[in-house]
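Trainee: quick one: sequence plus predicted model below, questions after.
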Amino acid sequence: MKAKNKKTDVMVAAPHAAAGPRGSHPGHNLAKDASVDLGRLLDLVAAFPQQTICVVGDFVLDEFVSGEISRVSREAPVLILRHRRSESYPGGAANAVNNLVDLGARVLPVGVVGDDPGGHKLLEYFRAKGVNVSGILQSSQWVTTTKTRYLAGWTHTTEQQVLRVDREPETEVPANLQAQIAQKARKAARGAGAVLISDYGLGAASPSLARSLHPKRMTLDSRYRLLEYRNSGITAATPNEPEIEAAYHSRVGTDVGKLDDYGQRARRDLSLEALVVTRGKDGMAIFEPNHPTRHLPVHGSDTPVDVTGAGDTVIAVFTLALAAGATYLEAAHLANYAGGIVVMKRRTATVTRAELEAALRHDATADQ
Ligand SMILES: Nc1ncnc2c1ncn2[C@@H]1O[C@H](COP(=O)(O)OP(=O)(O)OP(=O)(O)O)[C@@H](O)[C@H]1O
Ligand SMILES: [Mg+2]
């Protein structure tokens, strides 16, 4: 059932210069404005399977080793866990790829993994899902970043993370591999409706690589070097609030006026058509030229089960929606729904197209 004309609510920040002395108080200068049509969002989601997205970036393996607390060791004051299970999921750029696959898109991943167990697991995982992995190099010159979380619990208690062990390459991606990645990225970008850059600081993606692609549109998630992507042809970016703070060496805290300033500034500095700042439990803020800042409250509960990788889900849905013809505001709304859904799932998780549609339908039919 489709409910046309049913709108979502969006908060619009009044220009804070005019907001008066209390304008910096969160929520104080926010006015309500009904803005996107849920029927239109459903149409966009229906078009997801027709889209091709190229993802260039740092592929990571997220591992979770869980065990039951059996006793305290006599060798050292540490817990001994009885191994229950080990699970691995795609992380980083690979998590964005995995989300896009589950949303029904055709995905062209480009990057590098090591000739190691983590690399084999990632390739195997994607092959089993029918993903074209020809853009993922596997090299003995590289180490697959693997983040292993150890989770301890009793049979009827929630597991707690007690330790994380990261395996990481010690160097940047060697120049010969970078050149091969660039070549594969250029080829994949030509056949894609959008390129998604997922730069976790490991070196597979870079501003110079982005600059050489010239795709229809290109979105960016960069953990450490957002501003280095200026003049790289990026059309939109989805940093989280700490990344914006790090870029400008300052704190936003609860001051929406400051968020407004830095958001607009980052959008201008990067010459973006849109900037979406994800703010954890505080939702998202959208910056576009000639628009007031718009704030989306989180979809659903603000008590998440597991926020691991939520940012990857956000940029995946945002990019896919843009490729399907969404406006930036519509794409942000869809990403916001997906972010709200994925944080209710344990581990590094994805949102499926069916789940996104169900959430939209639920809201479209509510109060009718
Ligand atoms: N505490 C929370 N409650 C509800 N939703 C949340 C919470 N934290 C995150 N989210 C959802 O996930 C989205 C992205 O989260 P966040 O701002 O933490 O991104 P991130 O820090 O880039 O994540 P990542 O760790 O994947 O890089 C938010 O915009 C929101 O939709
Ligand atoms: Mg992030």
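Mentor: Received, thanks. Ligands and ions are numbered 1, 2, ... in the order given.
Trainee: residue 213 is in contact with residue 184, isn't it?
Mentor: No - the pair residue 213 and residue 184 does not pass the contact test of CB atoms under 8 Å, sitting 11.2 Å apart. For the C-beta atoms, the positions are set from N, CA and C on the backbone; glycine is no exception.
Trainee: so where's the stretch 51-200 of the chain shaky on pLDDT?
Mentor: Under the criterion pLDDT under 70, no range of the stretch 51-200 of the chain is flagged.
Trainee: residue of it nearest ligand 1, please.
Mentor: Sorted by distance to ligand 1 under CB to the nearest ligand atom, the residues of the stretch 51-200 of the chain start with residue 95, at 7.6 Å.
Trainee: what helix or strand is that residue on?
Mentor: Of the helices and strands defined by DSSP states H and E, residue 95 is found in helix 93-102.
Trainee: which is the succeeding secondary structure element to that helix?
Mentor: Next along the chain after helix 93-102, with elements defined by DSSP H and E, is strand 106-114.
Trainee: compute the inter-axis angle for that following strand and helix 93-102.
Mentor: Compare the direction of strand 106-114 with that of helix 93-102 by axes from the mean of the first three to the mean of the last three CA atoms, to 10 degrees and you get 160 degrees.
Trainee: buried sites along whichever helix or strand comes after strand 106-114?
Mentor: Using DSSP H and E, the next helix or strand after strand 106-114 towards the C-terminus is helix 117-128. By neighbour count on 16 or more other CB atoms under 10 Å, the buried set for helix 117-128 is 118-119, 121-123, 125-126.
Trainee: now do the end-to-end distance for stretch 268-283.
Mentor: 22 Å (CA to CA, to the nearest Å).
Trainee: so, in contact with ligand 1 or not, that stretch?
Mentor: Yes - under the criterion of CB under 6 Å from any ligand atom, ligand 1 is reached by stretch 268-283 at 278-281, 283.
Trainee: count the neighbours of residue 246 for me.
Mentor: Residue crowding around residue 246 was assessed by other CB atoms under 10 Å; the count is 16.
Trainee: which SSE is it in?
Mentor: Per DSSP H and E: residue 246 is located in helix 241-247.
Trainee: what is the following helix or strand past that helix packed up against?
Mentor: Tracing the chain C-terminally past helix 241-247 and defining elements by DSSP H and E, one meets helix 256-269 next. With contacts taken as 3 or more CB pairs under 8 Å, 6 or more residues apart in numbering; DSSP states H and E, helix 256-269 sits against helix 241-247, strand 274-278, strand 284-287.
Trainee: now do the helix or strand following the shortest one, average pLDDT.
Mentor: What it means is strand 284-287. Using DSSP H and E, the helix or strand that follows strand 284-287 in sequence is strand 294-296. Averaging pLDDT along strand 294-296 yields 96.
Trainee: which other helices and strands contact the next helix or strand along the chain from strand 294-296?
Mentor: For strand 294-296, the following helix or strand on the C-terminal side (DSSP H and E) is helix 310-323. Helix 310-323 makes packing contacts with strand 52-57, helix 93-102, strand 194-199, strand 218-222, strand 274-278, helix 328-342 when contacts are defined by 3+ CB pairs under 8 Å, 6+ apart.
Trainee: just send the ones you listed back as TSV, with mean neighbour count and distance to residue 354 too.
Mentor: Output for these, formatted as TSV (neighbours: other CB atoms under 10 Å; distance: least, CB to CB, whole Å):
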stretch	mean neighbour count	distance to residue 354
strand 52-57	28	19
helix 93-102	28	9
strand 194-199	29	22
strand 218-222	27	24
strand 274-278	26	24
helix 328-342	26	11
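Trainee: distance to residue 259 added to the helices and strands packed on helix 256-269, as TSV?
Mentor: Listed next are these as TSV, based on distance: least, CB to CB, whole Å:
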stretch	distance to residue 259
helix 241-247	7
strand 274-278	7
strand 284-287	6
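Trainee: helix, strand, or coil at the nearest residue to residue 341 once chain neighbours are set aside?
Mentor: Excluding the flanking residues, the one nearest residue 341 by CB to CB, 6 or more residues apart in numbering is residue 351, at 4.9 Å. Look at residue 351: counting by DSSP: H, G, I helix; E, B strand; the rest coil, its state is coil.
Trainee: gap between residue 351 and residue 302?
Mentor: Distance, residue 351 to residue 302, by CB to CB, to the nearest Å: 17 Å.
Trainee: can you check residue 235 too?
Mentor: When CB to CB is the yardstick, residue 235 and residue 302 sit 30 Å from each other.
Trainee: which non-adjacent residue is nearest the residue nearest the centre of the chain?
Mentor: Centrality entry for the chain: nearest residue to the mean C-alpha point is residue 312, 2.0 Å, by CA atoms, centre = their mean. Closest residue in space to residue 312, ignoring its immediate chain neighbours: residue 95 at 3.9 Å, by CB to CB, 6+ apart.
Trainee: can you pull the contacts of the one you found?
Mentor: For residue 95, the set of contacting residues under the criterion of CB atoms under 8 Å, 6 or more residues apart in numbering consists of 60, 62, 89, 309, 312-313, 348, 350.
Trainee: overlap between the residues you listed and the residues near ligand 1?
Mentor: Restricting the contacts of residue 95 to contacts with ligand 1 (CB under 6 Å from any ligand atom) yields 309, 312.
Trainee: number of nearby residues for whichever residue of the stretch 101-250 of the chain sits closest to ligand 1?
Mentor: Per CB to the nearest ligand atom, the residue of the stretch 101-250 of the chain with the smallest distance to ligand 1 is residue 240, at 3.6 Å. Applying other CB under 10 Å, we find 19 other residues in the vicinity of residue 240.
Trainee: any idea how far it is from residue 283?
Mentor: Remark: distance between residue 240 and residue 283 (CB to CB) = 12 Å.
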